[in-house]
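1. pasting the structure only:
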């Protein structure tokens with residue numbers, strides 16, 4: 001059974017959507033963001049968290065860059081961490 005997250009809200013009374021429905025798009029247009037309750041699997045979240053820890057510990061080397069060093073779509077950001085590109089390109 002799939003849980004319906006669209007009925008849940010945060011303490012700030014923001015709706016958590018289960019998918020990008022018309023209501024989620026409207027929320028995005030109004031607020032500049034939409035909260036998706038299951039956008040990533042628990043394994044994907046763990047993988048991103050582990051990569052963030054490596055980043056913060058400096059294990060990925062020097063990743064400093066200026067905004068001009070990235071393509072408009074941000075795709076060059078992954079060149080700083082090939083391990084992260086497998087997560088961000090899903």
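-> On my side now, so go ahead. Please read these numbers as outputs of a predicted model, since none were measured by experiment.
2. Number of residues surrounding residue 17?
-> By the measure other Cβ atoms under 10 Å, the count of residues near residue 17 is 23. Heads up, the C-betas are built off the backbone N, CA and C, glycines and all.
3. What are the structural domain limits within this protein?
-> When the chain is parsed with automatic domain parsing, its domains come out as 5-36, 42-88.
4. Select from the ones you listed the stretch with the lowest mean pLDDT.
-> Mean pLDDT is lowest for domain 42-88 out of these, coming in at a mean of 71.
5. got a list of contacts for the host helix or strand of residue 24?
-> Following DSSP states H and E, one finds residue 24 within helix 22-31. By Cβ atoms under 8 Å, 6 or more residues apart in numbering, the residues outside helix 22-31 that reach it are 6, 14, 15, 17, 33, 34, 35, 36.
6. Neighbour-wise, give me the winner out of these.
-> Neighbour-wise, these (other Cβ under 10 Å) top out at residue 17, 23 neighbours.
7. Bridge partners for that one, pull those for me.
-> When assigned by DSSP bridges, residue 17 has beta-bridge partners residue 36.
8. Would you check that it makes contact with residue 33?
-> No - using Cβ atoms under 8 Å as the test, residue 17 is too far from residue 33 to be in contact (11.0 Å).
9. Could you pull out the helices in the chain for me?
-> For the chain, the helices defined by DSSP state H occupy 22-31, 42-56, 82-88.
10. which one of the ones you listed has the most crowded surroundings?
-> Across these, averaging neighbours per residue (mean count of other Cβ atoms under 10 Å) puts helix 82-88 on top, at a mean of 14.
11. thinking again about what came up before, just the closest of the contacts of helix 22-31 to residue 50, please.
-> residue 36 (21.2 Å; Cβ to Cβ).
12. wait, isn't the closest one in contact with residue 16?
-> Yes - counting by Cβ under 8 Å, residue 16 is a contact partner of residue 36 at 7.5 Å.
13. Touching both of the two, which residues are there?
-> Shared contacts of residue 36 and residue 16 (Cβ under 8 Å, 6+ apart): none.
14. just to revisit the earlier point, tabulate the contacts of helix 22-31 in JSON lines, adding columns for distance to residue 51.
-> Below are those laid out as JSON lines (distance: Cβ to Cβ, whole Å):
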{"residue": "6", "distance to residue 51": "29"}
{"residue": "14", "distance to residue 51": "27"}
{"residue": "15", "distance to residue 51": "29"}
{"residue": "17", "distance to residue 51": "26"}
{"residue": "33", "distance to residue 51": "22"}
{"residue": "34", "distance to residue 51": "24"}
{"residue": "35", "distance to residue 51": "22"}
{"residue": "36", "distance to residue 51": "20"}
